[in-house]
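>>> Here is a sequence together with a model predicted from it:
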Amino acid sequence: MDFSQWNWNPRYDLDLLQRCLTIIAHSILYRLVLGPILQFIWLDWLVGTPLDLITILLLIGALCKSSIQLNPKGKSVLITGCDTGFGFELAKHLHSLQCKVYAGCLFKDGDGGKELAELGIDVIQLDVTKEEEWDLAIEHIQQTSKQLWGLVNNAGWSTFGDFEWVQMDTYRRIVEINIFGLLQALKKAAPLVRKGQGRIVTVTSGLARSPAASRSSYIITKYGGMGLMECVRYELKRFGVKVSMIEPGNFLAATKLFNQSIIGKQADAMWDKMPEEVKNAYGESYFRNNVGSMDKYFHIGFKTVTPVIESYTNALLDVFPQVRYQPMGLFWKVRTFVYTHLPESIFDWIYM
């Protein structure tokens, strides 16, 4: 192991806080539950200073897990979905760290692709749903880098609406992009990552950990993507490949995936195509209120993509990468914890 390539880059985020609180909670539980038992069998000395030292060492280990990173210089990374949003900003950030960046864009000659190319970034025409474009992209990478340190599966599409409102062609389109596009990325790029014993990082969603109404078309793809990456994580572990998932909170405003105009247009198209029976059952008033909630959700989210860019970077460079990174505010962090660890009835009572 080449320790000379390690950098100390401490960060203090909610992921670290969660790990530290978990360690402290286990320490307290150990004292309360095992303490009396150990005292009864004359081993109570294990509860005092030794336990405190173990707790301190574990807390230091938690900090190190969030702080020791690899030198990024020269590492080659392929990023999908670089036209705008997370991918666009990540490409610029990794380029500034002296990584060799391959920025896959849906429109290579679009504004985003041109701006990245002007910075000296290698921009690739890449619609993740088109196998022929993947073949050309991989051929280009093989000619210039031979292998990849990182594959960042960032490309995706989002929409909204109750399941009875959303047309089947919309479901098929989002599955084609978010599931089959992801699967094709893995099929095409994983061999290059295997050679480099590198990293695969995929954006899923905080909603895949604690779902919400009116997002079924989006969430089924994120659940599916999460399940796929869990399997891939186990399957590629034997090759030294580390797999991580990014689970962002509400970044709609920052990514420009939605705005008031887009929400309005999607809502009008959805209403126009909705069967009369469904319209009558829900009523236009309820429908418009639901659309208004989506607009409100858009406005209360993060206005900057920085937390997600940091999580992507950490997943690529951490010596001890996390399986999950959760760039989200305290509200979503607590919501995810409640959904994951407490009975559904409690989650429904609080959030539904």
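Cool, got the structure.
>>> Identify the residues contacting residue 132.
By CB atoms under 8 Å, 6 or more residues apart in numbering, residue 132 lies in contact with nothing. From N, CA and C alone the C-beta is placed, and that goes for glycine too.
>>> Would you list the phi and psi of it?
Note on residue 132: backbone dihedrals following degrees, to the nearest 10 are phi -60, psi -30.
>>> One more: residue 68?
Dihedral angles (degrees, to the nearest 10) for residue 68: phi -90, psi 120.
>>> I'd say it and residue 319 touch.
Yes. Counting by CB atoms under 8 Å, residue 68 sits close enough to residue 319 to count as a contact (4.5 Å).
>>> what is in contact with the two at once?
Common neighbours of residue 68 and residue 319 (CB under 8 Å, 6+ apart) are residue 6.
>>> Could you measure from residue 229 over to residue 288?
Using CB to CB, to the nearest Å, residue 229 is found at 37 Å from residue 288.
>>> Would you mind telling me which of these two has the busier surroundings?
residue 229 (21 against 12; other CB atoms under 10 Å).
>>> give me every residue that touches the more buried one.
Contacts of residue 229 (CB under 8 Å, 6+ apart): 200, 202, 204, 243, 245.
>>> quick one: which helix or strand includes it?
Following DSSP states H and E, one finds residue 229 within helix 216-236.
>>> C-terminal to that helix, what's the next element?
strand 242-246.
>>> which helices and strands does that next one pack with?
Applying 3 or more CB pairs under 8 Å, 6 or more residues apart in numbering; DSSP states H and E, we find strand 242-246 packed against strand 199-203, helix 216-236, helix 306-317, strand 324-325.
>>> next one: the very next helix or strand once past that strand to chain centre, how far?
Under the assignment DSSP H and E, the closest C-terminal helix or strand after strand 242-246 is helix 252-255. A distance of 15 Å separates the centroid of the chain from that of helix 252-255, by CA atoms, centre = their mean, to the nearest Å.
>>> ok, residues contacting helix 252-255?
Contacts to helix 252-255, defined as CB under 8 Å, 6+ apart, come from residues 84-86, 158, 258, 297-299, 301-305.
>>> hang on, the earlier thing: dump the helix holding residue 229 to PDB, restricted to CA.
C-alpha atoms of helix 216-236 as PDB (Å, rounded to 0.1, in the frame of the first residue of the first chain):
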ATOM      1  CA  SER A 216     -43.500   6.800  -8.100                       C
ATOM      2  CA  SER A 217     -42.200   7.100 -11.700                       C
ATOM      3  CA  TYR A 218     -38.900   8.500 -10.400                       C
ATOM      4  CA  ILE A 219     -38.600   6.500  -7.200                       C
ATOM      5  CA  ILE A 220     -39.000   3.100  -8.900                       C
ATOM      6  CA  THR A 221     -35.900   3.800 -10.900                       C
ATOM      7  CA  LYS A 222     -33.900   4.900  -7.900                       C
ATOM      8  CA  TYR A 223     -35.000   1.800  -5.900                       C
ATOM      9  CA  GLY A 224     -34.000  -0.300  -8.900                       C
ATOM     10  CA  GLY A 225     -30.700   1.500  -9.300                       C
ATOM     11  CA  MET A 226     -30.000   1.100  -5.600                       C
ATOM     12  CA  GLY A 227     -30.700  -2.700  -5.800                       C
ATOM     13  CA  LEU A 228     -28.500  -3.000  -8.900                       C
ATOM     14  CA  MET A 229     -25.600  -1.200  -7.300                       C
ATOM     15  CA  GLU A 230     -25.800  -3.300  -4.100                       C
ATOM     16  CA  CYS A 231     -25.400  -6.400  -6.200                       C
ATOM     17  CA  VAL A 232     -22.600  -4.900  -8.300                       C
ATOM     18  CA  ARG A 233     -20.800  -3.900  -5.000                       C
ATOM     19  CA  TYR A 234     -20.700  -7.600  -4.000                       C
ATOM     20  CA  GLU A 235     -19.800  -8.900  -7.500                       C
ATOM     21  CA  LEU A 236     -16.900  -6.500  -8.100                       C
END
